[in-house]
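Colleague: Predicted model, plus sequence, below.
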Amino acid sequence: MIISFLTKPFSVFERAAKDLERRFNYLKYTVRGNAYKAWTCTFPIGGHQDVVDSFIKGAKCFPNVKILVNPSRSQAEGTVVYVPSGWRALRDAISLKQSGKIKKLIAGPLICFEHVDEHGAIITDTSIDRYLLASPWVKEAYEKEAAQKHLILRETAVWAAGVDHVVWNPERKVPSDTLEKVMVYVKGQGKTILPATLETLKNNEKEIKTLYCGTHTPSDYKKLLEWSDFVVCLGGSETQGLALAQAWSMNRQTLVFESDEVRQRRQNAAPYITEHTGRKWNNIDELCECLTTLKNISPRNWVLANQTNEIAFGRFLDIVNGLYV
């Protein structure tokens, strides 16, 4: 099977413009001190770096699959085309599908960022054989919004990217008797509950280091995961939660704050969390209960069984093969 992996449009001019934009954004985010976004601009392939990395590395585990990364229009002809992100790339892929020059077209989960009708409601185009969404709650939300806007979102499927368990592999083992070192990971609206969270952790005699989303690179994050025994995550909703999966791969369980607002909107702060990887909490009393009953578990084992790059790509192939049934 040959899969064309598109994050950029076919036009040489548009690709050059996109690359110039990437270089400009790198300088912009560096000046602003946003280390994470600056880091994302160092990858010439484009797209969400973790999703791109997972897909390409996962494909290498399947010798019968060949991946063409951002091929030309003629090279893409006769292949299965996958567009994870980039509406212009999807626009061009739709054109190929409509002309009968590609076999199947799969898109998502990062074409739209908030609403299904972005970019002229492109994800509802009938040429798309399957549109992927990162978790069940997102799939439900997209389908509900589409219905409210009298749009038809055809043939959706849930697909979660994997995590590189070789890269995200701990050197230090978490002590089996005490869990004292905690990294507090703060993102967006999680700042509102940060003071009460820090006070609670201090009252429980925990050693604390705080990391703010957007101020770090993956290596910074990994370094603090290595130091910590567990992680407390403060944020809003997550479509998948790859940062959580990276923590689990490092064998660090996560205690994830899920606000009333997230629950009222039928969203999810940790779509793939299980009893084997951590717990969710909604208020300080629940955080206290989590800390009181905290015990050593092995989240990495869950990742190895459920969310490696190889497993994720295998599930992608299941979706592709299902299109031929």
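Modeller: Sure thing, it's come through. Note that the structure is a prediction, hence the values are computed from the model and not measured.
Colleague: Would you confirm that residue 280 contacts residue 272?
Modeller: No: with contacts counted by CB atoms under 8 Å, residue 280 stays clear of residue 272, the gap being 11.5 Å. Just so you know, the C-beta spots here come from the backbone N, C-alpha and C atoms, and that holds for glycine as well.
Colleague: Give me the more crowded residue out of those two.
Modeller: residue 272 (21 against 18; other CB atoms under 10 Å).
Colleague: Is the more buried one part of a helix or strand, or is it coil?
Modeller: Secondary structure, DSSP: H, G, I helix; E, B strand; the rest coil: residue 272 is coil.
Colleague: Would you agree it is in contact with residue 244?
Modeller: Yes: using CB under 8 Å, residue 272 makes contact with residue 244 at a distance of 7.3 Å.
Colleague: Please tell me how far the helix-or-strand element of the chain with minimal mean pLDDT is from the chain's geometric centre.
Modeller: Least confident helix or strand of the chain, by mean pLDDT, DSSP states H and E, is helix 35-40 with a mean of 87. Averaging C-alpha positions (CA atoms, centre = their mean, to the nearest Å) puts helix 35-40 15 Å from its chain's average.
Colleague: And the next helix or strand past that helix?
Modeller: Later in the chain than helix 35-40, the nearest helix or strand by DSSP states H and E is helix 49-59.
Colleague: Show me what that next one is packed against.
Modeller: When contacts are defined as 3 or more CB pairs under 8 Å, 6 or more residues apart in numbering; DSSP states H and E, helix 49-59 packs onto strand 2-5, strand 66-69, strand 80-85, helix 309-322.
Colleague: In TSV: the ones you listed, plus mean pLDDT, mean neighbour count and distance to residue 302.
Modeller: Formatted as TSV, those follow (pLDDT from 0 to 100; neighbours: other CB atoms under 10 Å; distance: least, CB to CB, whole Å):
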stretch	mean pLDDT	mean neighbour count	distance to residue 302
strand 2-5	97	22	28
strand 66-69	98	16	27
strand 80-85	97	24	24
helix 309-322	97	18	11
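Colleague: Next, format those as TSV and append distance to residue 138.
Modeller: Output for the helices and strands packed on helix 49-59, formatted as TSV (distance: least, CB to CB, whole Å):
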stretch	distance to residue 138
strand 2-5	22
strand 66-69	25
strand 80-85	14
helix 309-322	16
